[in-house]
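>>> for reference, the sequence and a predicted model appear below.
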Amino acid sequence: MTDTIEDRLAAWLRADELDARFELAALPDDFAADAEERDVRPSRPAPLRVSTKTPRSVRASAMRTPAGRARVLHTFCHHELQAAELFAWAVLRFPRTELAFRRGLLQLLRDELRHARLYRAEIERLGARFGDHPVRDWFWDRVPARPDPISFVAFLGIGLEGGNLEHARRYAARFREAGDERAARVQDVVAREEEAHVRFAATWFRRWTGGVDFDAWRARLPDPLSPSILRGTPLDRASRRRAGLDDAFLDALEEWPCASPRS
Ligand SMILES: [Fe+2]
Ligand SMILES: [Fe+2]
């Protein structure tokens with residue numbers, strides 16, 4: 001049997017140990033020449049429990065206790081894992097895309113796993129474990145319904161990762177206010193590195209559609225999802241500009257008042 005990137009990613013998504021989800025061994029050099037489209041969903045090994053309930057929002061006072069901060073980081077850690085998994089999913093789901101695009105997805109996947117490990121280390125420093133709380137598969141419940149690579153980069157990259165440019169900075173400030181400089185620094189790293197992820201998405205969206213037009217982007221989002229939940233407040237225009245979004249796009253986004261659950 002040939003050893004392909006695709007088979008390794010599928011096996012990784014189906015791993016039956018949670019620790020295995022945090023690591024991805026070196027992959028073979030090449031993608032399969034004639035890979036079929038596959039829709040591979042991740043396993044959720046114990047102790048991870050998936051909940052469909054909306055968690056209560058975190059009270060400001062929760063940031064004052066190690067357990068409260070660990071709980072916030074637990075949510076962020078699962079966001080990173082879902083992002084990593086979804087980049088693997090996209091390699092398998094869109095095998096006809098350009099090689100450079102799929103190679104880029106693998107790079108992003110590794111960044112997300114590193115972010116997940118940074119968060120896991122902070123959770124453990126605070127005396128908790130990843131898996132202590134139920135998780136929501138909010139990204140997984142929505143992203144795989146995207147029918148094509150353009151919609152995939154629109155929603156996950158420009159939308160969800162774009163929103164994280166504001167959220168990560170906002171939470172860096174909240175961790176600092178709480179006196180937790182280490183957790184704040186992890187947010188700084190994530191905020192900085194996510195710019196490159198949004199830029200990756202914007203670059204491919206531009207290449208495939210001829211620009212990064214706000215209405216064209218909005219038309220690719222899951223209906224009835226509003227742009228309001230894909231931004232924080234205030235909009236971090238400098239960061240988003242560095243990620244390749246122009247002022248016309250940012251002006252249009254700013255007209256949608258922030259309604260993100262993370263703000
Ligand atoms: Fe990340
Ligand atoms: Fe990312």
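On my side now, so go ahead. Ligands and ions are numbered 1, 2, ... in the order given.
>>> tell me the residues of the stretch 151-263 of the chain that contact ligand 2?
161, 194, 197 (CB under 5 Å from the ion). C-beta coordinates here come from the backbone N, C-alpha and C atoms, glycine included.
>>> residue 33: which of those is nearest?
Distance to residue 33 across those (CB to CB) is lowest for residue 197, with 28.0 Å.
>>> now that closest one: closest residue in space that isn't a chain neighbour?
In this structure, residue 197 finds its nearest non-sequential neighbour in residue 161, 4.7 Å apart by CB to CB, 6 or more residues apart in numbering.
>>> also residue 170?
That would be residue 232: by CB to CB, 6+ apart, it lies 5.7 Å from residue 170.
>>> please apply the same query to residue 171.
residue 187 (5.0 Å).
>>> contacting residues around residue 5?
The contact partners of residue 5, by CB atoms under 8 Å, 6 or more residues apart in numbering, come to 27-28, 30-32, 91, 106.
>>> out of the residues of the stretch 151-263 of the chain next to ligand 2, list just those in helices.
194, 197 (DSSP state H).
>>> next, the residue nearest to residue 193 when sequence neighbours are not counted: phi, psi?
In this structure, residue 193 finds its nearest non-sequential neighbour in residue 111, 5.8 Å apart by CB to CB, 6+ apart. Backbone torsions for residue 111, taken as degrees, to the nearest 10, come to phi -60, psi -40.
>>> what's the answer for residue 136, then?
Dihedral angles (degrees, to the nearest 10) for residue 136: phi -110, psi 140.
>>> the residue in the chain positioned nearest to ligand 2: neighbouring residues, count only.
Distances between the chain and ligand 2 by CB to the ion are smallest at residue 197, namely 3.6 Å. Look at residue 197: counted by other CB atoms under 10 Å, it has 27 neighbours.
>>> so how far is residue 37 from it?
Applying CB to CB, to the nearest Å, the value for residue 197 to residue 37 is 24 Å.
>>> repeat for residue 83
If you go by CB to CB, the gap between residue 83 and residue 37 works out to 21 Å.
>>> settle it for me: which of those two has more neighbours?
Taking neighbours as other CB under 10 Å, residue 83 and residue 37 compare with residue 83 leading, 25 against 9.
>>> is it true that that one touches residue 159?
No - if you go by CB atoms under 8 Å, residue 83 and residue 159 don't touch, sitting 11.9 Å apart.
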